[in-house]
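**Student:** Predicted coordinates and the sequence they were generated for:
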Amino acid sequence: MARFFIDSPLSPLLLIATLLIGLIGLIFTPRQEDPQISVPMVDIFLRYPGASAEQVANLAIDPLERIMSEIPGVK
């Protein structure tokens, strides 16, 4: 079977046909640059000028985490 394809003039035509089919498939396959994916996450940003990271964590982040953890389904 391999000898048939090595000696056959159809081999380059089959190669070109498969490449064209692949390119057509690539062109017509739908793609989205920015798919709409719903991620269950919340980002909260706090501004506390002049405070250190430890102060912000103790005064704002820790109490907020405790309040958020009381909401059903929130981890």
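**Tutor:** Sure, I can see it.
**Student:** make it CA atoms for all contacts and neighbour counts henceforth
**Tutor:** Will do.
**Student:** Could you report the separation of I27 from S52?
**Tutor:** Going from I27 to S52 by Cα to Cα, to the nearest Å gives 53 Å.
**Student:** Check P72 too.
**Tutor:** Distance of P72 to S52, given as Cα to Cα: 32 Å.
**Student:** What of L64?
**Tutor:** From L64 to S52 the distance is 17 Å (Cα to Cα).
**Student:** more neighbours, the two?
**Tutor:** For L64 versus S52, the count of surrounding residues by other Cα atoms under 10 Å is larger for L64: 13 against 9.
**Student:** which element is that one on?
**Tutor:** Element membership of L64, judged by DSSP states H and E, is helix 62-69.
**Student:** tell me what the lengthiest helix in the chain is packed against?
**Tutor:** The helix that spans the most residues within the chain, counting by DSSP state H, is helix 10-28. Counting contacts by 3 or more Cα pairs under 8 Å, 6 or more residues apart in numbering; DSSP states H and E, helix 10-28 packs against no other helix or strand.
**Student:** Follow the chain on from it and name the next helix or strand.
**Tutor:** Following helix 10-28 in sequence order, the next helix or strand is helix 53-56 (DSSP H and E).
**Student:** residues making contact with that following helix?
**Tutor:** For helix 53-56, contacts defined as Cα atoms under 8 Å, 6 or more residues apart in numbering pick out Y48.
**Student:** I'd like the distance from it to the chain centre, please.
**Tutor:** 33 Å (Cα atoms, centre = their mean, to the nearest Å).
**Student:** confidence score at L14?
**Tutor:** For L14, the pLDDT comes out at 93.
**Student:** Could you list the buried residues of stretch 29-48?
**Tutor:** Residues of stretch 29-48 include none that count as buried (16 or more other Cα atoms under 10 Å).
**Student:** And it, end to end?
**Tutor:** End-to-end distance for stretch 29-48: 49 Å, by Cα to Cα.
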